[in-house]
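1. fold the stuff below for me.
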Amino acid sequence: MSWEIEEGTVGGSIDSDGNYTAPATPGRYHVVATSVADPTKRAEATAEVFPVEALAPRFAYSTNSASGDVSIFSVNPENGALAQIGSIPAGRDPYPIGVDPTGRFVYAGNFASNDISIYAIDPTTGNLTARGSAPTGAGIYSINFDPSGRFAYSANENAADDVWIYRIDPESGVLTVLGTADAGISSVSVAIDPLGRFAYVANYSTNNVSMYRVDSESGLLTRLGEIAAGRAPISVAVHPSGAFVYVSHYDSDDIWSFRVDPATGRLTRSGVVPAGGQAFSIAVDPSGRFAYVANSATNDISIYRIDPESGTLSPLGAIRGGAGPRSITIDRSGRFVYVANLNSNNLSIFSIDQTTGLLTPFGQVAAGRQPRSVRVTTGPNLP
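-> Reported below is the predicted structural model:
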């Protein structure tokens, strides 16, 4: 596989393994991968670089499974503080929430009604307007998107076809089912690499991770097989470089790191580090220097430094969170961490030390009953 950037050096740099480094100048750039064996086979991914001020968080959303709704918050871009501005009904028992890469649409996966509620974001207020729903498999547990914002994917804990694939209407945000892909048993988390080439799914009951190649034109997935994981893998995250994958484990209370083969997308295990009790959700900061894990039994957040060469994790300690933290997310500026606490019905807010990666608590804000998932967005006004 050979790699190039259509815009040349002004568009950044890319090494022989496909690891892309963005330029300092904002803009849209195109990374092209070409098969050496057959130069007629090529794939292209779009990378958008934004000015720092455009990455400031503006809105946040949480799904609340017991109250059956989505809480809506405004975000203070200076300190990350949240202020609730309302809520909107969802389906039955909403679990995952996702915001598409353009920041225009919100999706809430309803675990009990087996569908996805679709909303449009008001670019001024952050309020949501319902846009209907789309079917999904039984027990939706995770939703994610390809970086272009054209396709969405759901992992479904109780479905026969565990991963559902959708096309996103660019005007309305409405989802159209394109197909499904098999995975292991109890698929609970799906992640897409930053260039949209590969997808990974954590299979809770079969203790492994499914690997896929993503068709850049159709969004469909080609299954590459599985790799063993720890006990009860429950969350998977891809490093911003696309070179590493991390998986948290609910039963073995640890984090496994993997190297990504840049040509095939297959994983090779590279390390294991301990986490807290019932490590539930993992997130990597946008700079790729730090990772954070919400531990639902010990009510804390584990903090790690990421080695830039190997991708392995070094524990930096933990900080107290709310009761039963289930979801963790980081805003696009990489300055704030947000955690949904299932048992205390609130969201925790932390600021990130940009040098050490350590967290400073900024307080908590009430959400609905049993918040399961939280996401933060810059909103629809990005260039």
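
2. please make it C-alpha for all contacts and neighbour counts, starting now.
-> Fine.

3. quick check, pLDDT for Asn381.
-> According to the prediction, Asn381 has pLDDT 52.

4. same check on Ala43?
-> Looking at Ala43, its pLDDT is 75.

5. then Glu53?
-> At Glu53, the predicted lDDT confidence score is 51.

6. Val70 touches Ser87, doesn't it?
-> Yes - contact criterion CA atoms under 8 Å: Val70 and Ser87 qualify, at 5.4 Å.

7. pLDDT below threshold where in the stretch 1-150 of the chain?
-> Low-confidence segments of the stretch 1-150 of the chain, defined by pLDDT under 70, are located at 26, 50-55.

8. quick one: the strands in it?
-> Secondary structure of the stretch 1-150 of the chain by DSSP state E, counting those that start in this stretch: the strands cover 2-5, 13-14, 20-21, 27-34, 42-49, 59-64, 69-75, 82-89, 94-99, 105-110, 115-121, 128-135, 140-145.

9. for Ser310, find the nearest of those strands.
-> When the strands of the stretch 1-150 of the chain are compared by CA to CA, strand 20-21 sits nearest Ser310, at 15.7 Å.

10. circling back: who's more crowded, Val70 and Ser87?
-> Higher neighbour count among Val70 and Ser87: Val70, with 29 against 19, using other CA atoms under 10 Å.

11. partners of the closest residue to Gly80 other than its chain neighbours in the sheet?
-> Leaving out its chain neighbours, the residue that sits closest to Gly80 by CA to CA, 6 or more residues apart in numbering is Phe336, at 6.1 Å. Applying DSSP bridges to Phe336 yields these beta-bridge partners: Ser351.

12. the closest residue in space to Tyr119 that isn't next to it in sequence: neighbouring residues, count only.
-> Spatial nearest neighbour of Tyr119, excluding adjacent residues (CA to CA, 6+ apart): Ala130 at 4.5 Å. By other CA under 10 Å, the residues close to Ala130 number 16.

13. list the contacts of Ala130.
-> Under the criterion of CA atoms under 8 Å, 6 or more residues apart in numbering, the neighbours of Ala130 are 117-120.

14. what's the answer for Asp285, then?
-> The neighbourhood of Asp285, defined by CA under 8 Å, 6+ apart, consists of 291, 330, 334.

15. same deal with Gly139?
-> Residues near Gly139 by CA under 8 Å, 6+ apart: 110-112, 114, 156-159.

16. with neighbour count and distance to Gly271 as added columns, please give those residues in TSV.
-> Below are the contacts of Gly139 laid out as TSV (neighbours: other CA atoms under 10 Å; distance: CA to CA, whole Å):
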residue	neighbour count	distance to Gly271
Asn110	29	34
Phe111	25	33
Ala112	15	36
Asn114	22	36
Asn156	30	27
Glu157	25	27
Asn158	18	30
Ala159	20	31
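
17. out of the residues you listed, which is nearest to Leu220?
-> Distance ranking of those against Leu220, using CA to CA, places Asn156 first at 16.6 Å.

18. ok, for that closest one, nearest residue in space, not its chain neighbours?
-> Nearest residue to Asn156 in three dimensions, chain neighbours excluded: Ile140, at 4.1 Å (CA to CA, 6+ apart).

19. need the contact list for that neighbour.
-> With CA under 8 Å, 6+ apart, Ile140 has these contacts: 95-96, 109-111, 114-115, 154-158, 188.

20. where does Tyr212 land in three-state SS?
-> Three-state call for Tyr212 (DSSP: H, G, I helix; E, B strand; the rest coil): strand.

21. next, count neighbours for it.
-> Tyr212: 24 surrounding residues under other CA under 10 Å.

22. same check on the one 4 residues further on?
-> By the other CA under 10 Å criterion, the neighbourhood of Ser216 contains 20 residues.

23. again with the one 5 residues further on
-> Residues within reach of Leu221, counting by other CA under 10 Å, total 23.

24. go ahead and confirm it touches Val201.
-> No - judged on CA under 8 Å, Leu221 makes no contact with Val201 at a distance of 11.5 Å.

25. tell me which element Ala318 falls in.
-> Assigned by DSSP states H and E, Ala318 belongs to strand 313-320.

26. let me fix that, I meant to ask about Ala152.
-> In the assignment (DSSP H and E), Ala152 maps to strand 151-156.

27. just the buried residues of that strand, please?
-> For strand 151-156, a neighbour-count test (16 or more other CA atoms under 10 Å) marks 151-156 as buried.

28. ok, stretch 269-289 next?
-> Of the residues in stretch 269-289, 269-270, 272, 274-286, 288-289 count as buried by neighbour count, 16+ other CA under 10 Å.
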